[in-house]
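In: for reference, the sequence and a predicted model appear below.
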Amino acid sequence: QQEFKIAPSILAADFARLGEEVDAVLAAGADIVHFDVMDNHYVPNLTIGPMVCKALRKHGVTAPIDVHLMVEPVDDMIAQFADAGASIITFHPEASRHVDRSIQLIKQAGCEAGLVLNPATPLETVKHVLPQLDMLLLMSVNPGFGGQKFIPYTLDKLREARAAIDALNLPIRLEIDGGVTADNIREIAAAGADTFVAGSAIFGKDDYAAAVAAMRAELAQ
Ligand code: DX5
Ligand code: ZN
């Protein structure tokens with residue numbers, strides 16, 4: 001089992017003070033910055049783009065930035081995010097016409113590559129490209145909004161994904177996104193996730209360090 005990583009989703013941060021919010025959550029013990037990019041086309045919401053990623057790097061953020069693209073098409077955004085300082089770029093296979101090519105573009109741009117599966121998208125979709133991935137992200141809510149409830153059948157999917165990754169014996173991270181809280185994180189980890197996105201469960205609390213510590217305490221059990 002790889003080491004557990006906590007990735008706060010800045011979707012739930014105060015955008016008027018984004019630099020401070022990211023500093024605060026990293027100081028609170030988070031590992032990765034989860035950066036949700038929505039285009040009001042692939043998903044019915046609109047958020048932030050490469051300029052904001054670049055601004056965070058300029059602000060001094062050195063932690064990995066995990067760019068979750070909920071945009072269609074995908075390819076135009078890859079070089080821009082790589083230039084803006086993205087560490088990992090993940091995308092939804094439904095949003096790219098040529099999934100293998102998009103993965104190659106991400107790697108050629110010098111970033112780690114990942115695919116994101118919506119709750120109803122079968123694992124089978126990634127079967128042939130899994131060995132090329134640095135990360136597989138399973139959505140445990142429908143993409144587009146923070147603060148939704150964790151969809152329980154995702155646990156079965158996590159178990160299947162964990163088995164597929166272990167069978168390859170490659171260091172592919174298995175990330176979960178949506179409705180993760182300190183109350184369900186242990187169950188989610190037991191199902192095989194090693195990287196946990198949490199938006200409202202961290203930024204919705206007054207004390208980020210306590211929120212992160214509560215998750216780590218559950219993971220340590
Ligand atoms: C949803 C986003 C998530 C979201 C998670 O489309 O991909 O990253 O911000 O938020 P919570 O943790 O509040 O469900
Ligand atoms: Zn996300």
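Out: Received it, and whenever you're ready, just let me know what you need. Ligands and ions are numbered 1, 2, ... in the order given.

In: identify each buried residue in the helix ranked longest in the chain, please.
Out: Counting by DSSP state H, the longest helix found in the chain is helix 154-168. Within helix 154-168, the residues scored as buried using 16 or more other Cβ atoms under 10 Å are T154, L155, K157, L158, A161, R162, A164, I165. In short, each C-beta sits where N, CA and C put it, glycine included.

In: can you count the residues close to the residue lying closest to the second one once chain neighbours are set aside?
Out: If the residues on either side of it in the chain are set aside, L155 comes closest to A191, at 4.5 Å by Cβ to Cβ, 6 or more residues apart in numbering. Each residue near A191 was counted by other Cβ atoms under 10 Å, and the total is 19.

In: ditto for G49
Out: Neighbour tally, G49, other Cβ under 10 Å: 18.

In: before we move on, back to that, help me confirm that the residue nearest to L155 comes into contact with E160.
Out: No: A191 is beyond contact range of E160, at 9.5 Å (criterion: Cβ atoms under 8 Å).

In: can you tell me if stretch 79-88 touches ligand 1.
Out: No: Stretch 79-88 does not reach ligand 1 (Cβ under 6 Å from any ligand atom); its nearest approach is 13.3 Å.

In: average pLDDT across that stretch?
Out: Taken as a whole, stretch 79-88 carries a mean pLDDT of 98.

In: thinking again about what came up before, against L138, how distant is the residue nearest to L155?
Out: According to Cβ to Cβ, to the nearest Å, A191 and L138 sit 10 Å apart.

In: which residues are in contact with each of these two?
Out: L158 (Cβ atoms under 8 Å, 6 or more residues apart in numbering).

In: of all of the chain, which residue lies closest to ligand 1?
Out: G199 (2.9 Å; Cβ to the nearest ligand atom).

In: I figured that residue hits I6, correct?
Out: No: using Cβ under 8 Å, G199 makes no contact with I6, being 11.7 Å away.

In: buried ones in the strand or helix carrying A210?
Out: Using DSSP states H and E, the element containing A210 is helix 208-219. Neighbour counts over helix 208-219 (16+ other Cβ under 10 Å) mark Y208, A211, V212, A214, M215, E218, L219 as buried.
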